[in-house]
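1. Compute the structure for the input listed below.
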Amino acid sequence: MTARIHPLLGALAILVFLFLLAPLVIIIGASLSNTTYLTFPPQGLTLRWFANIFEISAFRNTALTSFQVAILGTGLSLLIGIPAAYALNRYRIGLPKWLGTLFVLPILVPEIVFGFSLLKSVTIGMGLPVYPSLIIGHALLVLPYSVRVVGASLASFDFSVEEAAISLGCPPLKTFFTVVLPNIRAGVIAAFILAFITSINDVSISVFLTGPGISTLPIQILAHMEQFFDPTIASVSVLLMLVTVGVMAIVEMTLGLTFLTK
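-> Down below sits the predicted model:
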């Protein structure tokens, strides 16, 4: 016997879906408008604003920079986050409890404050160039995702399997790469996806760490809006949404989204 859904609950669910989908519909509609200014509903349909993105060199250059920073920053965060998550789960009894909280500070601290502190300590204090500062800043920003998501996979891992491999003569480092890492790869992939999407869409950190000649796509969008108010901005936003959907589609086709829940 199936339970009946209360009409008010169904209506509330529909309102939530409309609340989530309405901004997407507005952005997509505005990106197709034939006018020279942002408007919704669109006054005619055209794809020329999507073509305009690739005609503007600033968008092309900053998009490439954003992808590079997102990939390198996410990779660096995983290089730090995977060993940290392993230590927090493998030696949780011997480590202080506050150590786990230390890795989530980039989420707890407001991003504006975090970005300004990175500017003072990394760019100005250490004297690093803009590009390495961006990579370090984005790596620290997404580090909590690496530690928490990978840590969640390690929490369900049976470390007695690792101990058995070591007792049979397998070196600890080789055991980690051949026994532990394959069992937590779902968590590693999920952490990479979350960190990559967060990094490529970041504004608060990038606005402090970008400099002359080097910028990211979200910052370029803000700079473009200061001078123009055409549908190009909406078109760029649609492309960023398509990148996110594309990443999830690749995961679905290769691994399946249910793989990430294992």
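2. Beyond the worst-scoring helix or strand of the chain on mean pLDDT, next helix or strand please.
-> None of the helices or strands of the chain scores lower by mean pLDDT, DSSP states H and E than helix 98-102, at a mean of 70. Sequence-wise, the next helix or strand downstream of helix 98-102 (DSSP states H and E) is helix 105-108.
3. Okay, buried residues for that following helix please.
-> Residues P106 are the ones in helix 105-108 that count as buried (16 or more other CB atoms under 10 Å). No exception for glycine: its C-beta is placed from N, CA and C like everyone else's.
4. nearest residue to F208 other than its sequence neighbours?
-> Once flanking residues are discounted, F208 sits nearest to G115: 3.9 Å by CB to CB, 6 or more residues apart in numbering.
5. so what's the one you found up against?
-> Taking CB atoms under 8 Å, 6 or more residues apart in numbering, we find G115 in contact with G137, S204, I205, S206, V207, F208, L209.
6. what do you get for L222?
-> Counting by CB under 8 Å, 6+ apart, L222 makes contact with V203, V207.
7. Run through the strands of the chain in chain order.
-> Shown for the chain, no strands are assigned by DSSP state E.
8. Can you pull out the low-pLDDT segments for it?
-> Within the chain, the stretches with pLDDT under 70 are 1-3, 6, 92-98, 100, 251-262.
9. all helices for the stretch 151-262 of the chain, in order.
-> 159-167, 172-175, 181-183, 185-200, 206-209, 217-227, 232-254 (DSSP state H, counting those that start in this stretch).
10. ok, the contacts of G115 vs A22, which is closest?
-> For the contacts of G115, the minimum distance to A22 (CB to CB) is 24.8 Å, reached by S204.
11. Of the contacts of G115, just the buried ones, PyMOL syntax please.
-> Of the contacts of G115, the buried ones go into a single PyMOL selection, burial set by 16+ other CB under 10 Å:
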select buried, resi 137+205+206+207+208+209
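12. Just send the contacts of G115 back as a markdown table, with distance to L222 too.
-> Converted to a markdown table, the contacts of G115 look like this (distance: CB to CB, whole Å):
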| residue | distance to L222 |
| --- | --- |
| G137 | 17 |
| S204 | 11 |
| I205 | 14 |
| S206 | 10 |
| V207 | 8 |
| F208 | 13 |
| L209 | 14 |
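13. Which of the contacts of G115 sits closest to I14?
-> Proximity of those to I14 (CB to CB) peaks at S204, which lies at 33.2 Å.
14. Backbone torsions only: list them for the closest one.
-> Backbone geometry at S204, expressed as degrees, to the nearest 10, gives phi -60, psi -40.
15. what's the distance between it and E111?
-> 3 Å (CB to CB, to the nearest Å).
16. do the same with A190
-> Distance, A190 to E111, using CB to CB: 22 Å.
17. Looking at these two, which is more packed in?
-> A190 (20 against 16; other CB atoms under 10 Å).
18. Show me which helix runs longest in this protein.
-> helix 57-90 (DSSP state H).
19. Tell me how many other residues crowd V188.
-> Look at V188: counted by other CB under 10 Å, it has 19 neighbours.
20. Need the nearest residue in space to it, chain neighbours excluded.
-> V150 (6.0 Å).
21. which residues does the one you found contact?
-> Contacts of V150 by CB under 8 Å, 6+ apart are L78, G81, I82, A85, Y86, I184, G187, V188, A191.
22. can you rerun that using 7 Å?
-> G81, I82, A85, I184, G187, V188, A191 (CB atoms under 7 Å, 6 or more residues apart in numbering).
23. quick one: which of those residues has the most company?
-> Top of the contacts of V150 by neighbour number is A191, holding 30 neighbours under the definition other CB under 10 Å.
24. Verify the stated contact: it with P144.
-> No. Look at A191 against P144 with CB atoms under 7 Å: they stay out of range, at 9.8 Å.
25. dump the residue contacts of V203.
-> Taking CB under 7 Å, 6+ apart as the criterion, V203 is in contact with P218, I219.
26. Could you rerun that using 10 Å?
-> Counting by CB atoms under 10 Å, 6 or more residues apart in numbering, V203 makes contact with E111, G115, T216, L217, P218, I219, I221, L222.
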